[in-house]
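>>> Provided below for reference: sequence and predicted model.
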Amino acid sequence: MRTWTVWGGLLLVVGLPGCGKIAEKLAEKAAQEAQKQAATPENQEVDKDGQLADKLSHYISCLNGASRNVFDSRNTYTEWMKDEKVGPTGKESHPYGPSLIHQGEYCIKDLDEAKKKPPALAEIDGAAQAYRTALEKVIAEVKTANGYYTQEDYKDDKFAKAKQLHPTLMASFDAFKAANEPFETKVVALNEEVGKRQLALIAKDPDRGLEFRARTVVNVAKVLVKSAEIKALAELDLPKYEVNLEAFSKAVADLDDYATKHPTEVSEVTLFSQLMSESKELLKAAKELARRKRDNKDFATESGSPQHMDGHPAQVIYEFNELVNRSNGLNYTSLYRKQAEAKAKGTP
């Protein structure tokens with residue numbers, strides 16, 4: 001049986017607004033002022049980061065979509081086996097194949113689109129090509145195996161093809177993981193750098209208080225969740241974890257307080273209520289993990305889906321991924337447009 005930590009601990013990547021969105025947000029405050037400042041060093045840096053964020057968004061889409069599909073597909077395929085290294089024996093009563101990589105086609109389009117966009121990123125673009133090769137291979141292997149199991153052909157050949165497919169299928173999963181890791185590491189590192197610079201700019205703008213606090217919640221959550229990535233309860237550094245938990249709790253409270261005091265702003269941001277709700281769900285899950293550690297109630301002896309088990313690290317990761325999805329779905333365009341229109345009219 002698999003463990004959740006090997007293939008189930010993938011964290012989604014926080015997307016950043018690309019070039020067009022950044023320019024729009026800055027310019028909408030006052031179109032004339034934006035034109036005057038277009039050539040300033042700060043705006044040039046914004047444009048560069050906008051291009052980077054725009055290109056990285058395609059890679060992030062792959063990591064959050066296709067990569068997650070592949071990992072879930074592997075888990076689906078191996079969870080019914082007694083030993084995944086041995087594979088199907090023919091004695092299993094309820095075998096089923098790997099789930100299809102539904103996001104694969106979209107990811108390949110994203111990779112092609114990113115390749116055409118500036119700036120050139122030699123290391124990341126090279127890693128992306130290796131990632132694509134491994135993705136195409138695993139998509140093909142999964143499709144073959146999925147068809148075999150879906151049609152229950154193992155009932156006709158006494159698992160002969162199941163045993164034949166297993167080594168090649170597992171090799172394609174392993175090759176994908178090997179290609180995904182350096183690609184993900186490089187994309188996440190650069191995305192984090194751009195994100196820090198963008199957040200610093202947002203912090204200086206009094207009109208972007210809601211966005212600043214929403215992004216801060218996700219950033220603080222990342223630190224918290226990283227400290228929750230453990231294989232056994234004994235590995236949890238409770239004092240360190242509780243510091244991160246308190247920081248996240250304060251960030252959520254700050255966002256909640258700001259949103260309560262600025263309902264008009266909140267009403268202009270699509271899906272903000274879902275972000276707020278998910279922030280509290282993550283906070284609840286994170287608190288349960290701390291309680292489990294304090295009570296020394298190990299999760300290793302419990303059965304069931306880890307992500308639905310109170311106090312399990314997998315649940316914390318799951319809720320964080322939901323939070324990232326909510327964050328990536330926010331749209332501040334309407335809010336900033338209305339703010340710009342109000343300033344243009346001279347109204348507060």
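It's in. Numbering: from 1, shown residues only.

>>> gap between the two ends of stretch 112-130?
13 Å (CA to CA, to the nearest Å).

>>> for it, which positions count as buried?
114, 117, 121, 124-125, 127-128 (16 or more other CB atoms under 10 Å). In short, each C-beta sits where N, CA and C put it, glycine included.

>>> out of these, which are inside helices?
Taking DSSP state H, the ones among those that sit in helices are 114, 124-125, 127-128.

>>> redo those residues as CSV? Include distance to D237 and pLDDT.
What follows is those, written out as CSV (distance: CB to CB, whole Å; pLDDT from 0 to 100):
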residue, distance to D237, pLDDT
A114, 37, 96
I124, 32, 97
D125, 37, 96
A127, 32, 97
A128, 35, 98
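
>>> poorly predicted segments of the stretch 1-150 of the chain, please.
Scanning the stretch 1-150 of the chain for pLDDT under 70 picks out 1-46.

>>> ranges for the helices of it?
Under the criterion DSSP state H, counting those that start in this stretch, helices of the stretch 1-150 of the chain are mapped to 4-7, 19-27, 31-36, 41-62, 68-78, 104-116, 122-150.

>>> now the fifth one, how far from the centre of its chain.
From the chain centre to the centre of helix 68-78 is a distance of 16 Å (CA atoms, centre = their mean, to the nearest Å).

>>> pretty sure L100 sits against T76.
No. Using CB atoms under 8 Å as the test, L100 is too far from T76 to be in contact (10.0 Å).

>>> re earlier: which pair in the ones in helices among the buried residues of stretch 112-130 has the greatest spatial separation?
Maximum pairwise distance in these, criterion CB to CB, is 11.5 Å, between A114 and A127.

>>> what touches both of those two?
With CB atoms under 8 Å, 6 or more residues apart in numbering applied, the contact sets of A114 and A127 do not overlap.

>>> S227 against N244, yeah?
Yes. Taking contacts as CB under 8 Å, S227 lies within contact range of N244: 5.1 Å.

>>> re earlier: adding distance to E152, write the ones in helices among the buried residues of stretch 112-130 out as CSV.
Shown next, in CSV, are these (distance: CB to CB, whole Å):
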residue, distance to E152
A114, 40
I124, 42
D125, 43
A127, 39
A128, 37
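
>>> contact partners for L238?
290, 293-294.

>>> now with 7 Å, please.
Contact analysis of L238 by CB atoms under 7 Å, 6 or more residues apart in numbering lists 290, 293.

>>> domains of the protein?
1-204, 206-348 (automatic domain parsing).

>>> show me how far the last one is from its chain's centre.
Its chain's average C-alpha position is 13 Å from that of domain 206-348, according to CA atoms, centre = their mean.

>>> mean confidence score for that domain?
Mean pLDDT, domain 206-348: 93.

>>> what is the subsequent helix or strand relative to whichever helix in the chain runs longest?
Longest helix of the chain, by residue count under DSSP H: helix 160-204. Counting by DSSP states H and E, the next helix or strand C-terminal to helix 160-204 is helix 209-226.

>>> tilt between that next one and helix 160-204?
Using axes from the mean of the first three to the mean of the last three CA atoms, to 10 degrees, the direction of helix 209-226 lies 140 degrees away from that of helix 160-204.

>>> deepest-packed of the helices of the stretch 1-150 of the chain, please.
Comparing the helices of the stretch 1-150 of the chain by mean neighbour count (mean count of other CB atoms under 10 Å), helix 68-78 ranks first with a mean of 21.

>>> for that one, output the C-alpha coordinates as PDB.
Output in PDB follows, covering the C-alpha atoms of helix 68-78 (Å, rounded to 0.1, in the frame of the first residue of the first chain):
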ATOM      1  CA  ARG A  68      -1.400  16.700  -9.900                       C
ATOM      2  CA  ASN A  69      -3.300  14.500 -12.300                       C
ATOM      3  CA  VAL A  70      -0.300  12.200 -12.800                       C
ATOM      4  CA  PHE A  71       0.300  11.800  -9.000                       C
ATOM      5  CA  ASP A  72      -3.400  11.100  -8.400                       C
ATOM      6  CA  SER A  73      -3.400   8.600 -11.300                       C
ATOM      7  CA  ARG A  74      -0.500   6.700  -9.800                       C
ATOM      8  CA  ASN A  75      -2.100   6.700  -6.400                       C
ATOM      9  CA  THR A  76      -5.400   5.400  -7.900                       C
ATOM     10  CA  TYR A  77      -3.500   2.600  -9.700                       C
ATOM     11  CA  THR A  78      -1.300   1.400  -6.800                       C
END
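
>>> give me the angle between that helix and helix 41-62.
Here helix 68-78 points in a direction 20 degrees away from that of helix 41-62 (the same axes, to 10 degrees).

>>> can you give me the angle helix 68-78 makes with helix 122-150?
Using the same axes, to 10 degrees: helix 68-78 against helix 122-150 is 40 degrees.

>>> and helix 68-78, what does it pack onto?
helix 4-7 (3 or more CB pairs under 7 Å, 6 or more residues apart in numbering; DSSP states H and E).

>>> and the closest residue to R74 other than its chain neighbours, how many neighbours?
Spatial nearest neighbour of R74, chain neighbours left out: F173 (4.7 Å); criterion: CB to CB, 6 or more residues apart in numbering. By the criterion of other CB atoms under 10 Å, F173 has 25 neighbours.

>>> roughly how far apart are F173 and S67?
Counting by CB to CB, to the nearest Å, the gap from F173 to S67 is 12 Å.
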